[in-house]
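Participant: Build the 3D model from these lines:
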Amino acid sequence: MRKTAGRGRMNSDYTGVVLPLMDEYVATPQKPAQAPWMAKVKNNKFGSGMERLSNELTAFVNYMARSPPEIDARNYFTQSIISAIDSYFPDTEHTVRLYGSDATSLGLPLSDIDVMISAPSLRRVNPYHTRDLKVQALRDIQQLFARAGFNLFSTIRDEATIPILEIEDVGTGLEMDISFEEPHSAQGLEDVKSWCAHYGHRQLISLYLPLKHALNMRKLGLGSATTPYQGGAGSYVLLCMVIVFMETRYQELCSIWRQKPLSPGRTFVAMLKFWGEEFNFETTAIMVNPPSLIPKQAYLPAFIFEVRSPFDGSTNVAGGAFGMKHIKETIKHFANVLAERILEVDRMQAVHPYGFNHQRGLLDPPGMTCGVLGSIIGGNYETFEERRSKIRKFGERIQALGLVGAPQHETEATPAGGPARPVGSVGRLKGYGGQALPFIPATKPFVPPHLRGLDDSQF
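Facilitator: Got it, this is the predicted structure:
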């Protein structure tokens, strides 16, 4: 399971600092810093520092795209779990849907899979007892997985804002969060899909993905819902930050620089400067319906970031991101480091003997083996690559067994410079020609004890 320890919930103000890399990404003399996406960079020896950054952002997105075996492995695992959950409920009213980054194609290769259960029977009971019933249902499902023969690590986060069953497949390391659908879950998913359509999936992901990964590498991109007391900004909060930047500051910059669209590199640096230097988290909040900057509610502490809910207009969906001062300082650090590296490259074009040569290209300045982007997300990727390899090998095995059908939540990795692939929700064992999945025993549907004959009169 996830080994991230919580920082402890903060109750008072603090001074933000730039947080270091997690241990698994720290380079050593034996395992020097890497930037694996640099192998995919084309013509990066020519052009300015900003042009190089743009090329590297494109290469990074392509590197993070899941290969067909990785997609097949995730689909197979997802379908298997959904099949088992379906057997738990007594009627077809209950459905299981894919949510989160896998449903929008905005995920990293190792992102966990989010599924939510729509359970009308739980909505019909006394609301004061609904949470307890959800926790009990998750415990029952956890036991069902054990009886069904899954080889999983699992834990229930019943102290989280939304009770969650976290599972990890022992063989592949694939992780999944299982929870019950909240009132605005479906609308939230549709909003994200509409943002992708409006701004263009490629442009959105070139801003969101490197920021998310850079913060994840420092325990700052982990949501508080599934990792209590971590204080990081979850995926939805980061996406809201990208959307608000695009609708406010980006439009101004296009007018100032008389250029639209801006290059990926220039847009990314401008976004980091906006959130790291220009935006005041202590006095200003944001909202996404419509995307705008608004005054922060006076009762919130300085170290809490406020992202006003687009559904009720008052709830703070970033309430768990109490590490925002660390996030702000770290993002500011990203902007400064990238600006310095871009300047170094530009200087090398003009200064002998490292000057520009049309035959050999631009010689890298000292310390630039990881490129421009690698200055903030370069590191030891050995563990990262090992985890991807496990998933890839599992996908290749199920391909060899002929168990692969039409994927349900992704179709294929996005090609370099190509359009984003459409995604959809996971259905009930679709795409496998009706074949039973081999390691899911036939389980007779049963009525969970706590749902038998349940009605409001019992409370």
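Participant: Would you map the helices across this structure?
Facilitator: Along the chain, counting by DSSP state H, helices occupy 49-64, 68-88, 101-104, 120-123, 127-148, 185-199, 201-216, 235-247, 249-257, 264-273, 324-350, 374-377, 382-400.
Participant: Make TSV out of the ones you listed and add mean pLDDT, distance to Glu159 and mean neighbour count.
Facilitator: For the C-beta atoms, the positions are set from N, CA and C on the backbone; glycine is no exception. Below are the helices of the chain laid out as TSV (pLDDT from 0 to 100; distance: least, CB to CB, whole Å; neighbours: other CB atoms under 10 Å):
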stretch	mean pLDDT	distance to Glu159	mean neighbour count
helix 49-64	94	32	22
helix 68-88	92	22	22
helix 101-104	89	24	23
helix 120-123	73	19	16
helix 127-148	88	10	16
helix 185-199	88	20	16
helix 201-216	94	22	21
helix 235-247	93	20	22
helix 249-257	82	37	14
helix 264-273	95	34	22
helix 324-350	92	22	19
helix 374-377	96	32	22
helix 382-400	95	27	16
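Participant: residues touching Glu278, list them.
Facilitator: When contacts are counted by CB atoms under 8 Å, 6 or more residues apart in numbering, Glu278 touches Arg249.
Participant: Tell me who's in contact with the residue lying closest to Thr130 once chain neighbours are set aside.
Facilitator: The shortest distance from Thr130 to any non-neighbouring residue, by CB to CB, 6 or more residues apart in numbering, is to Leu122 (5.7 Å). By CB under 8 Å, 6+ apart, the contact set of Leu122 is Thr130, Leu133, Lys134, Ala137, Phe180.
Participant: returning to that earlier point: of all the helices of the chain, which one comes closest to Pro301?
Facilitator: helix 324-350 (10.3 Å; CB to CB).
Participant: could you say what helices and strands that closest one packs with?
Facilitator: helix 49-64, helix 201-216, helix 264-273, helix 374-377 (3 or more CB pairs under 8 Å, 6 or more residues apart in numbering; DSSP states H and E).
Participant: now what about stretch 328-338, what contacts it?
Facilitator: 16-19, 53, 211, 214-215, 218, 220, 268-269, 272-273, 275-277, 279, 281, 372-373, 375-376.
Participant: ok, now how distant is Ser101 from Arg147?
Facilitator: 30 Å (CB to CB, to the nearest Å).
Participant: swap that for Lys193, sorry
Facilitator: 36 Å.
Participant: per-domain residue ranges of this structure.
Facilitator: 42-62+199-378, 68-108+120-180+384-416+428-458 (automatic domain parsing).
Participant: I'd assumed Asp86 was in contact with Leu144.
Facilitator: No. Assessed by CB atoms under 8 Å, Leu144 is found out of contact with Asp86, at 10.7 Å.
Participant: Pull up the overlap in contacts between the two.
Facilitator: In contact with both Leu144 and Asp86: no residue, using CB under 8 Å, 6+ apart.
Participant: which residue packs closest to Val96, ignoring adjacent ones?
Facilitator: The shortest distance from Val96 to any non-neighbouring residue, by CB to CB, 6+ apart, is to Ile82 (4.8 Å).
Participant: what's the distance between the one you found and Met116?
Facilitator: 11 Å.
Participant: what do the two both touch?
Facilitator: Val96.
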